[in-house]
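In: Dropping a prediction and its sequence here:
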Amino acid sequence: MTTDGRAVPPMQAGEQATLDGWLDFYRATLVGKCTGPGDDLVRAAPLPPSSLTLLGLVRHLAAVERNWFRIVLAGEEVPPLFHPDPETGHDGGFELDGAGLAEALALWEDEVRRARAARAAAGPDGVGSLAGRPVSVRWIVVHMIGEYARHCGHADLIREQLDGRAGV
């Protein structure tokens, strides 16, 4: 365990446990970076010209969990979490509506729970489909680790600008 309560990914384990451990580590890192400052601050975009917010990152990663694990890996036919912007077609959740952090975290937690179930059902050799092409569960999990690592870095910069807190 880290000093902040996150589980350290296993240092000597099989491939599946190692990959899942790192993904869960970054999931916990996101929550640590985004909780605490309050609804007003999680909606703030303190790094102009970027419009990134902590709330937008949580919403975005809920949508990413849904897309990669439920739609691509498990083949579920579920609608996107957020409506596409008519100009850009982007539906990544970065745009804010009236929802607060508690609602966004509950949505994210539900998508993570469902993602874990899809991952478990797929097993270590599962294969999904992306635009008609096969994609392995390994590829998806490694992609998700990269997605979380990148966005946890964004969250770290945003959080430091908001209240001086760096790291987790």
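Out: Received, thanks.

In: Quick one: low-confidence residue ranges for this structure.
Out: For the chain, the stretches flagged by pLDDT under 70 are 84-91, 167-168.

In: Please settle this for me: is Lys33 part of a helix?
Out: Yes: counting by DSSP: H, G, I helix; E, B strand; the rest coil, Lys33 is found in a helix.

In: Numbering from 30 from now on, please.
Out: Will do, 30 is the new start, and the previous item becomes Lys62.

In: Who are the contact partners of it?
Out: Listed by Cβ atoms under 8 Å, 6 or more residues apart in numbering, the contact set of Lys62 reads Leu83, Cys181, Ala184, Asp185, Arg188, Val197. From N, CA and C alone the C-beta is placed, and that goes for glycine too.

In: Identify those among the residues you listed that sit within strands.
Out: In strands, judged by DSSP state E, none of the contacts of Lys62 are found.

In: Now neighbour count and distance to Leu59 too, for those, in a markdown table please.
Out: What follows is these, written out as a markdown table (neighbours: other Cβ atoms under 10 Å; distance: Cβ to Cβ, whole Å):
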| residue | neighbour count | distance to Leu59 |
| --- | --- | --- |
| Leu83 | 26 | 9 |
| Cys181 | 21 | 6 |
| Ala184 | 25 | 6 |
| Asp185 | 17 | 10 |
| Arg188 | 24 | 11 |
| Val197 | 18 | 9 |
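
In: Pick the one among the residues you listed closest to Leu102.
Out: Proximity of those to Leu102 (Cβ to Cβ) peaks at Cys181, which lies at 22.0 Å.

In: just checking, that closest one touches Arg56?
Out: No: using Cβ atoms under 8 Å, Cys181 is not in contact with Arg56, being 9.4 Å away.
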